[in-house]
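[1] next comes the sequence, and after it the predicted model I'd like to discuss.
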Amino acid sequence: MLTKTYGSAVQGVNANTITIEVVVSQGTLFYVVGLADNAIKESQQRIESALKFRGYRMPRTKVVVNMAPADVRKEGSAYDLPIALGILHASQQLNTERLGEYIIMGELALDGSLRPIRGVLPIAIQARKEGFKGFILPRENAQEAAIVNNLDVIPVDSMQQAIDFFEGREEIAPLRIDTRDVFQHTVNQYTADFADVQGQENIKRALEIAAAGGHNAIMIGPPGAGKTMLAKRLPSILPLLSMQEALETTKIHSVAGKLGTNASLLTTRPFRAPHHTISDVALVGGGSNPQPGEISLSHNGVLFLDELPEFKRTVLEVMRQPLEERRVTISRAKVSIEFPANFMLIASMNPCPCGYYNHPEKECVCGPGVVQRYLNKVSGPLLDRIDLHVEVTPVTFDQMTETRKSESSADIQQRVEKARAVQSDRFKDFSDIHSNAMMPSQMVKDICQINTAGRALLKTAMERLGLSARAYDRILKVARTIADLAGTEEIRIEHLAEAIQYRSLDREGWAG
């Protein structure tokens, strides 16, 4: 007897429906065909144990499981449940005509209970798109799948519960979530706030500019100056996530298995801070079955690289293309997968190996040329993609003991939102440009025009400070953002002056 059940295979951040055909016929042995990996082939032992534990029998005849399309690789243990139900139906131990109405996914334990799986959200989206009535899956994943409307999400705890549902012995009410209500009540709930930071007003201002224009930034300063603390609070001043951005971000974290159990929609911007020992593949993504890396997990949020020169050179260099294109393409012999990677890069570093070069009180003990060699660990092409270079100085005792409350993230965020609204209107005719940082060079000339006094100031700054040519466009983009924050259409001389000071690492002689 031939039985068909339906599962799904996740590729990149999208899912493809898999037809699971089961035939029980005369003969012996258990066969799984259709480019299944070892985890699927090992399902026979899990399925057989689960069936016996629940009082069913594993057919002692020939069982063939075909997973179509046969030229698409299938991986993971999430196909246990649809294969088990297909075997029961094909061996006439399960009496139902509704198997074809549902996408079924779940990993079986030896006692027939279900364990959670990854990639549930893209599977649910594809199931709704293809007109399936519902999605049967482990209870721990139900909250995530219920984000998708117009799809019956049926949470089950065990294989037996799924069997009882199909045979009508148990009614399971579909889990329903008002996605917009959940989104509105949980969006922008951050634990870290700029109100907790005493002093460092100039750094807060720089991060406000970075958030307003979508600019990448690097903070240079001695240990203990507050670089990491400030970076962790950056997501709290970024514009609120839109529903579309929240869905995109949740899909990526779902595919990577980072949502956890009983998780739902991600409503805050991600903040990822990988250790400097990270590999190229872990940062960008990849593997035999390509998975998203840290830059994709930072999509619509912040990627923070602490102690930037300590990262391997190759790791930093692979970021150059994703920073420009805001996506990463992973190519294999038979497949090419694209992951989104629209993130803000925030980096921090000490100015030298000992950490105290240019410190107002402590003396640097690094030898001649050491500081320059340390800074040279970060390549020019990478620095070219970082708009703001911010020097961080230690907080004084008076600032630390200040009783006056600092400005909150909510207040800063309001100004950022207004500046982003101006940019949204400015770039409304460009689908791939949403902020000042995304402007190409030709557009910079048209949008970031400066008057005669501004040109004179910029020329003087480049000559006296020894600024490199690559700093020119960056200064104009940052000045445009500062003008947007000030609510002026014209880039004034004070906006240019402030932008010029954020190019520390471009100055000749900065490192001695």
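    Looks like it came in fine.

[2] hmm, who's touching stretch 410-423?
    188, 194, 204, 208, 211-213, 236-240, 434-436, 481, 484-485, 487 (CB atoms under 8 Å, 6 or more residues apart in numbering). Any C-beta I mention is one placed from the backbone N, CA and C, and that applies to glycine too.

[3] then stretch 481-500?
    Applying CB under 8 Å, 6+ apart, the set of residues contacting stretch 481-500 is 208-209, 212-213, 215, 415-416, 418-419, 422-423, 436-437, 448-451, 453-454, 457-458, 461, 465, 467, 475-476, 478-480.

[4] which of those are buried?
    208-209, 212-213, 215, 415-416, 419, 422-423, 436-437, 448, 450, 454, 457-458, 461, 465, 467, 475-476, 478-480 (16 or more other CB atoms under 10 Å).

[5] which strands and helices sit next to the top strand by length along the chain?
    What stands out as the longest strand in the chain, according to DSSP state E, is strand 14-25. In terms of contacts (3 or more CB pairs under 8 Å, 6 or more residues apart in numbering; DSSP states H and E), strand 14-25 is packed against strand 2-11, strand 62-68, helix 80-90, helix 120-129.

[6] how far off strand 2-11 does that strand point, in degrees?
    Calculated by axes from the mean of the first three to the mean of the last three CA atoms, to 10 degrees, strand 14-25 forms an angle of 150 degrees with strand 2-11.

[7] tell me how far strand 14-25 lies from the chain's centre.
    Relative to the chain's own centre, strand 14-25 is displaced by 31 Å; criterion: CA atoms, centre = their mean, to the nearest Å.

[8] pLDDT averaged over that strand - what is it?
    Across strand 14-25, pLDDT averages out at 95.

[9] now swap in stretch 289-300 and tell me
    Stretch 289-300 comes out at a mean pLDDT of 92.

[10] what sits up against it?
    Counting by CB under 8 Å, 6+ apart, 12-13, 73, 75, 241, 245, 248-249, 252-253, 255-256, 258, 269-272, 274, 278, 281-286, 303, 319, 322, 328, 330, 332, 335, 337, 339-343 sit against stretch 289-300.

[11] pull out the buried members of those.
    Buried members of the contacts of stretch 289-300, counted by 16+ other CB under 10 Å: 12-13, 73, 75, 241, 245, 248-249, 252-253, 255-256, 258, 269-272, 274, 278, 282-286, 303, 319, 322, 328, 330, 337, 339-343.

[12] among the contacts of stretch 481-500, which are in helices?
    If you go by DSSP state H, the contacts of stretch 481-500 have 208-209, 212-213, 415-416, 418-419, 422-423, 453-454, 457-458, 461, 475-476, 478-480 in helices.

[13] settle this for me: F132 is touching T5, isn't it.
    No - counting by CB atoms under 8 Å, F132 does not reach T5; the two are 11.6 Å apart.

[14] who's more crowded, those two?
    Between F132 and T5, counted using other CB atoms under 10 Å, T5 has the larger neighbour count: 26 against 20.

[15] any idea how far the more buried one is from I412?
    Per CB to CB, to the nearest Å, T5 is found 52 Å from I412.

[16] looking at the helices and strands packed on strand 14-25, which is buried most?
    Across these, the average number of neighbours (mean count of other CB atoms under 10 Å) peaks for helix 80-90, which reaches a mean of 27.

[17] could you measure from the residue nearest the centre of the chain over to M1?
    The centre of the chain sits closest to L297, judged by CA atoms, centre = their mean, with a distance of 2.2 Å. Noted for L297: a distance of 45 Å to M1, by CB to CB.

[18] try E498
    E498 sits at a distance of 76 Å from M1 (criterion: CB to CB).

[19] same thing with L108?
    22 Å.

[20] contacting residues for the closest residue to L2 other than its chain neighbours?
    Using CB to CB, 6 or more residues apart in numbering and skipping the chain neighbours, the partner closest in space to L2 is V23 (5.3 Å). By CB under 8 Å, 6+ apart, the contact list for V23 reads 1-3, 62-64, 66, 90.

[21] among those, which one lies nearest to E363?
    Nearest to E363 among these is N66, at 73.0 Å by CB to CB.

[22] wait, isn't A68 in contact with T17?
    No - assessed by CB under 8 Å, A68 is found out of contact with T17, at 9.7 Å.

[23] what residue ranges in the stretch 301-450 of the chain score low on pLDDT?
    397, 400-401 (pLDDT under 70).

[24] just the strands in the stretch 351-500 of the chain please.
    Per DSSP state E, counting those that start in this stretch, the stretch 351-500 of the chain carries strands over the ranges 388-391.

[25] and P138, backbone torsions?
    Main-chain torsions, P138, degrees, to the nearest 10: phi -60, psi 150.

[26] from I123, how far out is Q291?
    From Q291 over to I123 (counting by CB to CB), the distance is 16 Å.

[27] then E97?
    Here E97 is placed at a distance of 23 Å from I123 (CB to CB).

[28] repeat that for I163.
    Taken as CB to CB, the span from I163 to I123 is 21 Å.
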